[in-house]
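S.K.: Attaching a predicted model along with its sequence, questions to come.
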Amino acid sequence: MPTKKTNSFRLFEQAKETYNPRVGTLSEHLIRLRQKNIAESLSDFEGSAHKLERVKSFSGVEFIDDARSTTANAVWYSLQSMTRPTVWITNIDTPEVLTDDILEEVRKKVKEVVLQGVYNVDVYQKIAETGVPVMMTMSMEDAVNHAFYSCERGDVVLYAPGIHGSGQVTYRERGERFKASVAQL
């Protein structure tokens, strides 16, 4: 059975054929752009690289790479997704990222926070006010080691940075550093 074309689609087709040959090129470009956006959106689902990706289980401790969590909403989702006691490694460098929703998830699910990177006393204080222990480390290797030794069998180490890459460091590169550090255990 033939499908009925909408009026707007028919008008678009007429304009493409009659008035301007560039409309066809533009429409093709828009379709490719939309397909690219859909592909990027689909890649953000769990199970894709650096999005709640299970990296390794070592001595009963599971390591999860969520380097794509570069916004407050993404971090909240990561923390909210945890079902076991969690040691959270983060790079948050401004206290504004630590929303009430994130801090509530920290209180409920996180047994320790490891701040990796440049020391920020305001971020440290805001997390400490939750009553959850906070540790500062400068390197990813130190962060992963500290997190692992803070865990008990059945715990999870979650890497969810909470900030966009600084300069030329992308979430992929940070995720790969996390994975490499886990592989060194």
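M.R.: Yep, that arrived. Just so we're clear, the structure is a prediction, and the values are computed from it rather than from any experiment.
S.K.: need the strands for the protein, in chain order.
M.R.: 53-58, 61-65, 86-90, 110-116, 134-137, 156-159 (DSSP state E).
S.K.: can you list those strands in a markdown table and add distance to Lys179 and mean neighbour count?
M.R.: Backbone N, C-alpha and C define where each C-beta goes, glycine included. Compiled in a markdown table, those are given as follows (distance: least, CB to CB, whole Å; neighbours: other CB atoms under 10 Å):
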| stretch | distance to Lys179 | mean neighbour count |
| --- | --- | --- |
| strand 53-58 | 5 | 14 |
| strand 61-65 | 6 | 23 |
| strand 86-90 | 12 | 28 |
| strand 110-116 | 14 | 23 |
| strand 134-137 | 17 | 18 |
| strand 156-159 | 9 | 26 |
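S.K.: Quick one: closest of those to Asp100.
M.R.: Asp100 lies closest, by CB to CB, to one member of the strands of the chain: strand 110-116, at 14.9 Å.
S.K.: would TSV of the strands of the chain with distance to Tyr77 and mean pLDDT be doable?
M.R.: Converted to TSV, the strands of the chain look like this (distance: least, CB to CB, whole Å; pLDDT from 0 to 100):
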stretch	distance to Tyr77	mean pLDDT
strand 53-58	14	92
strand 61-65	13	97
strand 86-90	13	97
strand 110-116	14	96
strand 134-137	22	95
strand 156-159	11	98
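S.K.: quick one: the residue positioned nearest the centre of the chain from Glu112, how far?
M.R.: The centroid of the chain falls nearest to Ser69 when counting by CA atoms, centre = their mean (1.7 Å). Remark: distance between Ser69 and Glu112 (CB to CB, to the nearest Å) = 18 Å.
S.K.: residues contacting Leu115?
M.R.: Taking CB atoms under 8 Å, 6 or more residues apart in numbering, we find Leu115 in contact with Thr90, Asn91, Ile92, Val123, Tyr124, Ile127, Val134, Met135, Met136, Thr137.
S.K.: Which parts of the protein are helices?
M.R.: 7-18, 22-42, 72-81, 100-109, 121-128, 140-150, 171-183 (DSSP state H).
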